[in-house]
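mind looking at a prediction? Sequence and model below.
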Amino acid sequence: NMSRSTLWLDRGKTSLLKKGFHHFEDWRDQEIELEMTRVEKLDRKIEREEHWVRYGVSGRRKRNVKRLADLASLKKQRRDHQVPTGNVKAQVNEANMSGKLVVKADKIVKSFGDKKIVAQFSTQIKRGDRVGLVGANGAGKTTMLNMLIGELEPDDGNVRLGKNLQMLVLDQARAGIKRDWTIKDALTDGAGDYVTIGEDKMHVIGYMKDFLFHPSQMRTPANVLSGGELARLLLARGLRHPSNVLIMDEPTNDLDLETLDLLQELIADYQGTVILVSHDRDFLDRTVTSVINSEGEGQWIEYAGGYSDMLSQRETGSETSDKDVSKLPDSKNHEKPAISPAPSLNPPTRKTVTKLSYKQKYALEQLPREMSELETVIADSKKLLSDSSLFTKDPELFNKTAALLDKSETRLSEAEAEWLELEILREEFEG
(Lines give C-alpha, C1' and ligand atoms only; values in the text may rest on other atoms or scores of the structure.)
Protein backbone atom coordinates (compact mmCIF):
# COMPACT_ATOMS: atom_id res chain seq x y z
CA ASN A 1 0.00 0.00 0.00
CA MET A 2 3.04 2.30 0.13
CA SER A 3 3.87 2.37 -3.61
CA ARG A 4 2.34 4.82 -6.09
CA SER A 5 3.68 3.20 -9.27
CA THR A 6 5.17 -0.15 -10.31
CA LEU A 7 8.00 -0.79 -12.80
CA TRP A 8 7.85 -4.24 -14.43
CA LEU A 9 11.03 -5.71 -15.90
CA ASP A 10 10.09 -8.57 -18.24
CA ARG A 11 12.17 -10.24 -20.96
CA GLY A 12 14.59 -7.30 -21.17
CA LYS A 13 11.87 -4.63 -21.42
CA THR A 14 10.38 -2.31 -18.81
CA SER A 15 6.73 -1.28 -18.46
CA LEU A 16 5.35 1.30 -16.04
CA LEU A 17 2.06 0.95 -14.18
CA LYS A 18 1.07 4.26 -12.58
CA LYS A 19 -0.57 2.45 -9.68
CA GLY A 20 0.67 0.63 -6.60
CA PHE A 21 1.76 -3.01 -6.50
CA HIS A 22 -1.70 -4.00 -5.23
CA HIS A 23 -2.96 -3.55 -8.83
CA PHE A 24 0.06 -5.12 -10.53
CA GLU A 25 -0.98 -8.77 -10.91
CA ASP A 26 -4.30 -8.01 -12.63
CA TRP A 27 -2.61 -5.47 -14.91
CA ARG A 28 0.24 -7.90 -15.74
CA ASP A 29 -2.21 -10.66 -16.67
CA GLN A 30 -4.15 -8.26 -18.92
CA GLU A 31 -0.91 -7.17 -20.64
CA ILE A 32 0.10 -10.79 -21.27
CA GLU A 33 -3.35 -11.61 -22.69
CA LEU A 34 -3.14 -8.59 -25.02
CA GLU A 35 0.32 -9.68 -26.10
CA MET A 36 -0.91 -13.21 -26.85
CA THR A 37 -3.76 -11.71 -28.91
CA ARG A 38 -1.26 -9.65 -30.92
CA VAL A 39 0.90 -12.73 -31.51
CA GLU A 40 -2.13 -14.72 -32.69
CA LYS A 41 -3.01 -11.92 -35.14
CA LEU A 42 0.59 -11.90 -36.37
CA ASP A 43 0.46 -15.68 -36.91
CA ARG A 44 -2.75 -15.35 -38.91
CA LYS A 45 -1.26 -12.56 -41.03
CA ILE A 46 1.85 -14.64 -41.75
CA GLU A 47 -0.39 -17.56 -42.75
CA ARG A 48 -2.36 -15.33 -45.19
CA GLU A 49 0.83 -13.92 -46.72
CA GLU A 50 2.38 -17.37 -47.15
CA HIS A 51 -0.82 -18.50 -48.86
CA TRP A 52 -0.52 -15.53 -51.23
CA VAL A 53 3.12 -16.44 -51.99
CA ARG A 54 2.14 -19.98 -52.91
CA TYR A 55 -1.17 -19.45 -54.70
CA GLY A 56 -1.63 -15.75 -55.35
CA VAL A 57 -1.85 -14.35 -58.85
CA SER A 58 1.40 -12.61 -59.87
CA GLY A 59 1.16 -8.83 -60.15
CA ARG A 60 3.72 -6.23 -60.84
CA ARG A 61 7.16 -7.50 -59.96
CA LYS A 62 7.98 -4.53 -57.74
CA ARG A 63 4.81 -5.01 -55.72
CA ASN A 64 5.51 -8.74 -55.33
CA VAL A 65 9.07 -8.15 -54.15
CA LYS A 66 7.84 -5.66 -51.54
CA ARG A 67 5.20 -8.10 -50.32
CA LEU A 68 7.80 -10.86 -49.98
CA ALA A 69 10.01 -8.48 -48.02
CA ASP A 70 7.06 -7.66 -45.73
CA LEU A 71 6.48 -11.37 -45.18
CA ALA A 72 10.13 -11.83 -44.22
CA SER A 73 9.79 -8.94 -41.79
CA LEU A 74 6.67 -10.50 -40.24
CA LYS A 75 8.46 -13.82 -39.80
CA LYS A 76 11.38 -12.04 -38.16
CA GLN A 77 8.99 -10.34 -35.70
CA ARG A 78 7.54 -13.73 -34.82
CA ARG A 79 10.97 -15.34 -34.37
CA ASP A 80 12.18 -12.46 -32.20
CA HIS A 81 9.12 -12.55 -29.98
CA GLN A 82 9.94 -13.89 -26.51
CA VAL A 83 7.11 -15.71 -24.83
CA PRO A 84 6.35 -14.84 -21.19
CA THR A 85 8.21 -16.80 -18.55
CA GLY A 86 6.46 -20.12 -17.89
CA ASN A 87 4.91 -21.22 -14.64
CA VAL A 88 6.87 -23.08 -12.03
CA LYS A 89 5.49 -26.60 -11.66
CA ALA A 90 6.31 -28.25 -8.37
CA GLN A 91 4.79 -30.13 -5.52
CA VAL A 92 5.93 -31.08 -2.05
CA ASN A 93 7.00 -34.70 -1.63
CA GLU A 94 4.81 -35.43 1.37
CA ALA A 95 5.66 -38.05 3.99
CA ASN A 96 3.31 -40.11 6.15
CA MET A 97 0.94 -38.14 8.36
CA SER A 98 2.39 -36.80 11.60
CA GLY A 99 0.74 -37.12 14.99
CA LYS A 100 -2.04 -34.69 15.90
CA LEU A 101 0.27 -32.68 18.18
CA VAL A 102 3.26 -31.23 16.32
CA VAL A 103 4.79 -28.80 18.85
CA LYS A 104 3.98 -27.95 22.45
CA ALA A 105 5.96 -25.14 24.08
CA ASP A 106 5.45 -24.63 27.80
CA LYS A 107 6.58 -21.31 29.34
CA ILE A 108 9.81 -21.16 27.34
CA VAL A 109 12.40 -18.48 28.14
CA LYS A 110 15.43 -17.32 26.16
CA SER A 111 17.91 -14.51 26.72
CA PHE A 112 21.22 -13.47 25.20
CA GLY A 113 23.14 -11.59 27.85
CA ASP A 114 20.90 -8.85 29.24
CA LYS A 115 18.57 -8.99 26.23
CA LYS A 116 15.43 -11.00 26.86
CA ILE A 117 14.24 -12.62 23.62
CA VAL A 118 11.38 -14.79 24.91
CA ALA A 119 9.71 -14.47 28.31
CA GLN A 120 7.57 -17.46 29.32
CA PHE A 121 5.78 -18.12 26.06
CA SER A 122 3.46 -21.11 25.62
CA THR A 123 1.76 -22.48 22.52
CA GLN A 124 0.50 -25.63 20.85
CA ILE A 125 0.86 -26.26 17.14
CA LYS A 126 -1.30 -29.04 15.76
CA ARG A 127 -1.23 -31.00 12.52
CA GLY A 128 -2.38 -28.85 9.61
CA ASP A 129 -1.70 -25.49 11.29
CA ARG A 130 0.10 -22.78 9.33
CA VAL A 131 1.90 -20.49 11.76
CA GLY A 132 3.76 -17.28 10.90
CA LEU A 133 6.37 -15.68 13.16
CA VAL A 134 6.61 -11.89 12.79
CA GLY A 135 8.35 -9.02 14.50
CA ALA A 136 10.91 -6.28 14.01
CA ASN A 137 14.47 -7.02 12.92
CA GLY A 138 16.42 -8.42 15.85
CA ALA A 139 13.27 -9.38 17.75
CA GLY A 140 14.30 -13.04 17.79
CA LYS A 141 12.04 -14.61 15.18
CA THR A 142 14.64 -17.12 14.03
CA THR A 143 15.53 -17.87 17.65
CA MET A 144 11.87 -18.57 18.41
CA LEU A 145 11.61 -20.74 15.29
CA ASN A 146 14.68 -22.78 16.25
CA MET A 147 13.31 -23.37 19.75
CA LEU A 148 9.92 -24.49 18.41
CA ILE A 149 11.48 -27.07 16.08
CA GLY A 150 13.94 -28.37 18.69
CA GLU A 151 17.09 -26.90 17.17
CA LEU A 152 17.76 -24.61 20.15
CA GLU A 153 17.26 -25.31 23.86
CA PRO A 154 15.31 -22.71 25.86
CA ASP A 155 16.90 -21.31 29.03
CA ASP A 156 13.79 -22.35 30.94
CA GLY A 157 10.55 -24.16 30.16
CA ASN A 158 10.37 -26.98 27.65
CA VAL A 159 9.41 -27.81 24.08
CA ARG A 160 7.86 -31.17 23.23
CA LEU A 161 7.77 -32.36 19.63
CA GLY A 162 5.06 -34.70 18.36
CA LYS A 163 5.47 -38.17 16.90
CA ASN A 164 6.36 -39.21 13.36
CA LEU A 165 7.62 -35.76 12.36
CA GLN A 166 9.61 -35.39 9.15
CA MET A 167 10.68 -31.75 8.99
CA LEU A 168 11.85 -30.07 5.82
CA VAL A 169 13.86 -26.91 6.56
CA LEU A 170 14.22 -25.28 3.17
CA ASP A 171 17.02 -22.95 4.26
CA GLN A 172 19.22 -25.95 5.04
CA ALA A 173 19.41 -26.72 1.30
CA ARG A 174 21.83 -23.79 0.89
CA ALA A 175 24.36 -25.34 3.28
CA GLY A 176 24.55 -28.55 1.24
CA ILE A 177 25.63 -26.89 -2.03
CA LYS A 178 29.36 -27.18 -2.69
CA ARG A 179 31.19 -24.20 -4.19
CA ASP A 180 32.17 -25.99 -7.40
CA TRP A 181 28.75 -27.55 -8.06
CA THR A 182 26.63 -26.81 -11.12
CA ILE A 183 22.83 -26.66 -11.14
CA LYS A 184 22.79 -30.30 -12.17
CA ASP A 185 25.12 -31.26 -9.30
CA ALA A 186 23.03 -29.35 -6.76
CA LEU A 187 19.88 -31.22 -7.81
CA THR A 188 21.47 -34.67 -8.05
CA ASP A 189 23.95 -34.22 -5.17
CA GLY A 190 26.70 -34.67 -7.73
CA ALA A 191 25.59 -38.18 -8.64
CA GLY A 192 24.41 -38.92 -12.19
CA ASP A 193 21.68 -37.44 -14.35
CA TYR A 194 18.62 -38.26 -12.24
CA VAL A 195 16.94 -36.44 -9.36
CA THR A 196 15.67 -38.66 -6.56
CA ILE A 197 12.25 -37.49 -5.35
CA GLY A 198 11.24 -39.72 -2.47
CA GLU A 199 11.13 -43.19 -4.00
CA ASP A 200 10.87 -41.93 -7.58
CA LYS A 201 13.48 -40.69 -10.05
CA MET A 202 13.23 -37.97 -12.68
CA HIS A 203 15.76 -36.81 -15.27
CA VAL A 204 17.48 -33.65 -14.11
CA ILE A 205 16.55 -31.66 -17.24
CA GLY A 206 12.84 -32.35 -16.75
CA TYR A 207 13.11 -31.35 -13.08
CA MET A 208 15.01 -28.17 -14.03
CA LYS A 209 12.26 -27.17 -16.47
CA ASP A 210 9.69 -27.50 -13.69
CA PHE A 211 11.52 -24.66 -11.93
CA LEU A 212 12.04 -22.48 -15.03
CA PHE A 213 15.66 -23.43 -15.67
CA HIS A 214 16.62 -23.86 -19.33
CA PRO A 215 18.37 -27.14 -20.25
CA SER A 216 21.38 -25.11 -21.39
CA GLN A 217 21.87 -23.99 -17.76
CA MET A 218 22.51 -27.54 -16.59
CA ARG A 219 26.26 -26.95 -16.24
CA THR A 220 26.00 -23.36 -14.97
CA PRO A 221 27.92 -22.98 -11.67
CA ALA A 222 25.55 -22.44 -8.75
CA ASN A 223 27.75 -19.64 -7.39
CA VAL A 224 27.08 -17.36 -10.40
CA LEU A 225 23.27 -17.56 -10.25
CA SER A 226 21.21 -14.45 -9.59
CA GLY A 227 19.37 -14.12 -6.29
CA GLY A 228 16.08 -15.26 -7.84
CA GLU A 229 17.67 -18.21 -9.63
CA LEU A 230 19.44 -19.33 -6.46
CA ALA A 231 16.17 -19.09 -4.51
CA ARG A 232 14.51 -21.29 -7.14
CA LEU A 233 17.38 -23.77 -7.01
CA LEU A 234 17.14 -24.01 -3.22
CA LEU A 235 13.38 -24.52 -3.47
CA ALA A 236 13.85 -27.26 -6.10
CA ARG A 237 16.58 -28.86 -4.03
CA GLY A 238 14.53 -28.87 -0.83
CA LEU A 239 11.30 -30.19 -2.33
CA ARG A 240 12.97 -33.47 -3.31
CA HIS A 241 12.70 -34.74 0.26
CA PRO A 242 9.58 -36.16 1.96
CA SER A 243 8.12 -34.11 4.81
CA ASN A 244 5.03 -33.52 6.93
CA VAL A 245 6.30 -30.31 8.59
CA LEU A 246 7.53 -27.47 6.38
CA ILE A 247 9.89 -24.93 8.00
CA MET A 248 10.75 -21.71 6.15
CA ASP A 249 12.79 -18.70 7.26
CA GLU A 250 12.07 -15.67 5.04
CA PRO A 251 11.07 -17.86 2.07
CA THR A 252 10.00 -14.96 -0.17
CA ASN A 253 13.43 -13.29 -0.32
CA ASP A 254 14.64 -12.98 -3.94
CA LEU A 255 11.70 -14.97 -5.36
CA ASP A 256 10.27 -13.85 -8.71
CA LEU A 257 6.50 -13.41 -8.95
CA GLU A 258 5.82 -16.75 -10.64
CA THR A 259 7.76 -18.68 -7.98
CA LEU A 260 6.10 -16.66 -5.22
CA ASP A 261 2.66 -17.59 -6.57
CA LEU A 262 3.76 -21.21 -6.78
CA LEU A 263 4.98 -21.17 -3.17
CA GLN A 264 1.65 -19.78 -1.97
CA GLU A 265 -0.28 -22.50 -3.80
CA LEU A 266 2.15 -25.14 -2.61
CA ILE A 267 1.51 -24.15 1.03
CA ALA A 268 -2.26 -24.07 0.42
CA ASP A 269 -2.19 -27.63 -0.94
CA TYR A 270 0.24 -28.96 1.65
CA GLN A 271 -1.35 -31.62 3.87
CA GLY A 272 1.12 -31.17 6.71
CA THR A 273 2.06 -28.35 9.08
CA VAL A 274 3.81 -25.10 8.13
CA ILE A 275 5.89 -22.84 10.40
CA LEU A 276 7.47 -19.83 8.76
CA VAL A 277 9.20 -16.52 9.42
CA SER A 278 8.36 -13.67 7.05
CA HIS A 279 8.25 -9.88 6.73
CA ASP A 280 5.94 -10.18 3.69
CA ARG A 281 2.52 -9.13 4.95
CA ASP A 282 0.66 -10.11 1.78
CA PHE A 283 2.34 -13.53 1.77
CA LEU A 284 1.33 -14.07 5.41
CA ASP A 285 -2.27 -13.05 4.69
CA ARG A 286 -2.42 -15.61 1.89
CA THR A 287 -0.82 -18.53 3.71
CA VAL A 288 -1.08 -18.65 7.51
CA THR A 289 -3.89 -19.50 9.93
CA SER A 290 -2.27 -17.78 12.93
CA VAL A 291 0.47 -15.25 13.62
CA ILE A 292 2.87 -15.21 16.60
CA ASN A 293 4.04 -11.61 17.00
CA SER A 294 6.89 -10.12 19.05
CA GLU A 295 5.38 -7.40 21.22
CA GLY A 296 8.75 -6.30 22.66
CA GLU A 297 10.50 -7.00 25.97
CA GLY A 298 10.40 -10.73 25.25
CA GLN A 299 6.61 -10.85 25.04
CA TRP A 300 5.02 -12.88 22.22
CA ILE A 301 1.28 -13.12 21.49
CA GLU A 302 -0.51 -15.41 19.04
CA TYR A 303 -3.37 -14.03 16.93
CA ALA A 304 -5.86 -15.96 14.81
CA GLY A 305 -5.72 -15.36 11.05
CA GLY A 306 -3.14 -13.55 8.93
CA TYR A 307 -1.16 -10.35 9.36
CA SER A 308 -4.12 -8.06 8.57
CA ASP A 309 -6.22 -9.91 11.17
CA MET A 310 -3.49 -9.34 13.75
CA LEU A 311 -3.43 -5.60 13.04
CA SER A 312 -7.20 -5.44 13.32
CA GLN A 313 -7.21 -7.31 16.63
CA ARG A 314 -4.45 -5.12 18.06
CA GLU A 315 -6.25 -1.94 17.01
CA THR A 316 -9.49 -2.99 18.65
CA GLY A 317 -7.71 -4.49 21.66
CA SER A 318 -9.54 -7.81 21.22
CA GLU A 319 -7.05 -10.68 21.25
CA THR A 320 -8.65 -14.08 20.75
CA SER A 321 -7.98 -15.42 24.24
CA ASP A 322 -9.79 -16.97 27.15
CA LYS A 323 -7.21 -15.36 29.43
CA ASP A 324 -5.72 -11.87 29.66
CA VAL A 325 -2.49 -12.04 27.63
CA SER A 326 -1.87 -8.27 27.73
CA LYS A 327 -0.65 -7.96 31.32
CA LEU A 328 2.56 -6.30 32.36
CA PRO A 329 5.84 -7.94 31.26
CA ASP A 330 6.47 -9.42 34.69
CA SER A 331 3.20 -11.36 34.59
CA LYS A 332 3.47 -15.17 34.65
CA ASN A 333 0.41 -15.62 32.50
CA HIS A 334 1.43 -15.82 28.86
CA GLU A 335 -0.57 -18.80 27.67
CA LYS A 336 -1.48 -19.09 24.02
CA PRO A 337 -4.77 -17.38 23.15
CA ALA A 338 -7.59 -19.77 22.38
CA ILE A 339 -7.91 -19.60 18.61
CA SER A 340 -10.04 -21.39 16.11
CA PRO A 341 -7.77 -21.90 13.10
CA ALA A 342 -9.26 -22.12 9.66
CA PRO A 343 -9.30 -25.58 8.06
CA SER A 344 -5.74 -26.58 7.25
CA LEU A 345 -6.31 -27.14 3.55
CA ASN A 346 -7.82 -23.68 3.00
CA PRO A 347 -5.70 -21.02 4.69
CA PRO A 348 -7.43 -17.65 4.88
CA THR A 349 -7.06 -15.31 1.96
CA ARG A 350 -7.50 -11.64 2.68
CA LYS A 351 -8.02 -10.54 -0.92
CA THR A 352 -11.10 -11.23 -3.02
CA VAL A 353 -10.23 -13.75 -5.74
CA THR A 354 -10.80 -12.14 -9.14
CA LYS A 355 -8.78 -14.40 -11.42
CA LEU A 356 -7.62 -17.94 -11.93
CA SER A 357 -4.52 -18.96 -10.03
CA TYR A 358 -1.40 -20.03 -11.93
CA LYS A 359 -2.16 -23.63 -11.02
CA GLN A 360 -5.72 -23.33 -12.39
CA LYS A 361 -4.49 -21.63 -15.58
CA TYR A 362 -1.95 -24.38 -16.13
CA ALA A 363 -4.62 -27.05 -15.60
CA LEU A 364 -6.99 -25.29 -18.02
CA GLU A 365 -4.24 -25.33 -20.67
CA GLN A 366 -3.15 -28.92 -20.09
CA LEU A 367 -6.48 -30.70 -19.55
CA PRO A 368 -7.60 -30.64 -23.23
CA ARG A 369 -4.32 -32.30 -24.22
CA GLU A 370 -4.71 -34.91 -21.47
CA MET A 371 -8.33 -35.59 -22.51
CA SER A 372 -7.26 -36.06 -26.12
CA GLU A 373 -4.56 -38.52 -25.09
CA LEU A 374 -7.03 -40.41 -22.88
CA GLU A 375 -9.52 -40.64 -25.76
CA THR A 376 -6.76 -42.17 -27.92
CA VAL A 377 -5.90 -44.70 -25.21
CA ILE A 378 -9.59 -45.59 -24.79
CA ALA A 379 -10.08 -46.05 -28.53
CA ASP A 380 -6.96 -48.23 -28.83
CA SER A 381 -7.98 -50.30 -25.81
CA LYS A 382 -11.48 -50.88 -27.15
CA LYS A 383 -10.08 -51.88 -30.53
CA LEU A 384 -7.76 -54.40 -28.89
CA LEU A 385 -10.53 -55.81 -26.70
CA SER A 386 -12.82 -56.17 -29.71
CA ASP A 387 -10.75 -59.20 -30.72
CA SER A 388 -12.91 -62.04 -29.41
CA SER A 389 -9.93 -64.39 -29.27
CA LEU A 390 -7.69 -62.09 -27.21
CA PHE A 391 -8.60 -63.57 -23.84
CA THR A 392 -7.86 -67.08 -25.10
CA LYS A 393 -4.58 -66.12 -26.76
CA ASP A 394 -3.23 -63.77 -24.05
CA PRO A 395 -5.34 -63.51 -20.87
CA GLU A 396 -2.72 -61.32 -19.16
CA LEU A 397 -2.82 -58.75 -21.96
CA PHE A 398 -6.63 -58.88 -21.93
CA ASN A 399 -6.75 -58.14 -18.18
CA LYS A 400 -4.18 -55.33 -18.42
CA THR A 401 -6.00 -53.72 -21.33
CA ALA A 402 -9.37 -53.97 -19.56
CA ALA A 403 -7.88 -52.39 -16.42
CA LEU A 404 -6.28 -49.62 -18.49
CA LEU A 405 -9.58 -48.95 -20.26
CA ASP A 406 -11.45 -48.67 -16.96
CA LYS A 407 -8.80 -46.39 -15.46
CA SER A 408 -8.67 -44.18 -18.57
CA GLU A 409 -12.46 -43.80 -18.77
CA THR A 410 -12.62 -42.85 -15.09
CA ARG A 411 -9.84 -40.29 -15.46
CA LEU A 412 -11.41 -38.87 -18.64
CA SER A 413 -14.67 -38.31 -16.80
CA GLU A 414 -12.80 -36.57 -13.96
CA ALA A 415 -10.75 -34.44 -16.37
CA GLU A 416 -13.85 -33.34 -18.31
CA ALA A 417 -15.59 -32.32 -15.09
CA GLU A 418 -12.49 -30.47 -13.88
CA TRP A 419 -12.08 -28.66 -17.23
CA LEU A 420 -15.75 -27.66 -17.30
CA GLU A 421 -15.55 -26.30 -13.76
CA LEU A 422 -12.42 -24.25 -14.55
CA GLU A 423 -13.90 -22.97 -17.83
CA ILE A 424 -17.04 -21.79 -16.03
CA LEU A 425 -14.86 -20.11 -13.40
CA ARG A 426 -12.78 -18.40 -16.10
CA GLU A 427 -15.89 -17.07 -17.85
CA GLU A 428 -17.22 -15.73 -14.53
CA PHE A 429 -13.97 -13.85 -13.85
CA GLU A 430 -13.79 -12.46 -17.38
CA GLY A 431 -17.43 -11.41 -17.27
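Looks like it came in fine.

downstream neighbour of the helix or strand hosting Ala379 in the secondary structure list?
For Ala379, the host element (DSSP states H and E) is helix 358-385. Using DSSP H and E, the helix or strand that follows helix 358-385 in sequence is helix 390-393.

output the contacting helices and strands for that next one.
helix 395-430 (3 or more C-beta pairs under 8 Å, 6 or more residues apart in numbering; DSSP states H and E). For the C-beta atoms, the positions are set from N, CA and C on the backbone; glycine is no exception.

grab the nearest non-local neighbour of Leu405.
Ser381 (4.0 Å; C-beta to C-beta, 6 or more residues apart in numbering).

thinking again about what came up before, who are the packing partners of the helix holding Ala379?
helix 257-269, helix 395-430.

save the ones you listed as JSON lines, and put in distance to Lys107 too.
Shown next, in JSON lines, are the helices and strands packed on helix 358-385 (distance: least, C-beta to C-beta, whole Å):
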{"stretch": "helix 257-269", "distance to Lys107": "30"}
{"stretch": "helix 395-430", "distance to Lys107": "48"}
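
dump the ones you listed to TSV, plus mean pLDDT, mean neighbour count and distance to Leu311.
Converted to TSV, the helices and strands packed on helix 358-385 look like this (pLDDT from 0 to 100; neighbours: other C-beta atoms under 10 Å; distance: least, C-beta to C-beta, whole Å):
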stretch	mean pLDDT	mean neighbour count	distance to Leu311
helix 257-269	79	19	20
helix 395-430	83	13	29
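
which one of those helices lies nearest to Ile292?
helix 257-269 (16.8 Å; C-beta to C-beta).

and the closest one with helix 358-385, angle?
70 degrees (axes from the mean of the first three to the mean of the last three C-alpha atoms, to 10 degrees).

for the helix holding Ala379, buried residues please.
358-360, 362-364, 367, 371, 374, 377-378, 381, 384-385 (16 or more other C-beta atoms under 10 Å).

pull the helix or strand with minimum mean pLDDT from the protein.
helix 172-175 (a mean of 53; mean pLDDT, DSSP states H and E).

after that one, heading C-terminal, what element do we hit next?
helix 183-188.

centre of the chain to that following helix, how far?
21 Å (C-alpha atoms, centre = their mean, to the nearest Å).

and it, what does it pack onto?
Right, helix 183-188 is packed against strand 194-197, helix 204-210, helix 227-238 by 3+ C-beta pairs under 8 Å, 6+ apart.

what's that helix in contact with?
Residues outside helix 183-188 that contact it (C-beta atoms under 8 Å, 6 or more residues apart in numbering): 177-178, 193-196, 204, 207-208, 213, 217-220, 222, 225, 233, 236-237, 240.

switch the cut-off to 10 Å
Contact with helix 183-188 is made by 173-174, 176-178, 181-182, 190-196, 201-205, 207-208, 211, 213-214, 217-222, 225, 229-230, 232-234, 236-237, 240, as judged by C-beta atoms under 10 Å, 6 or more residues apart in numbering.

for PyMOL, write the select line for the buried members of the residues you listed.
Remark: buried members of those, expressed as a PyMOL selection using 16+ other C-beta under 10 Å:
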select buried, resi 173+177+181+182+195+196+204+205+207+208+211+213+217+218+220+222+225+229+230+232+233+234+236+237+240
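
where in the chain is pLDDT low?
1, 11, 42, 45-96, 171-176, 317-354, 358, 431 (pLDDT under 70).

how far off centre is stretch 370-385?
With C-alpha atoms, centre = their mean, you get 33 Å for stretch 370-385.

Gly296 pairs with what?
Following DSSP bridges, Gly296 is listed with bridge partners Gln299.
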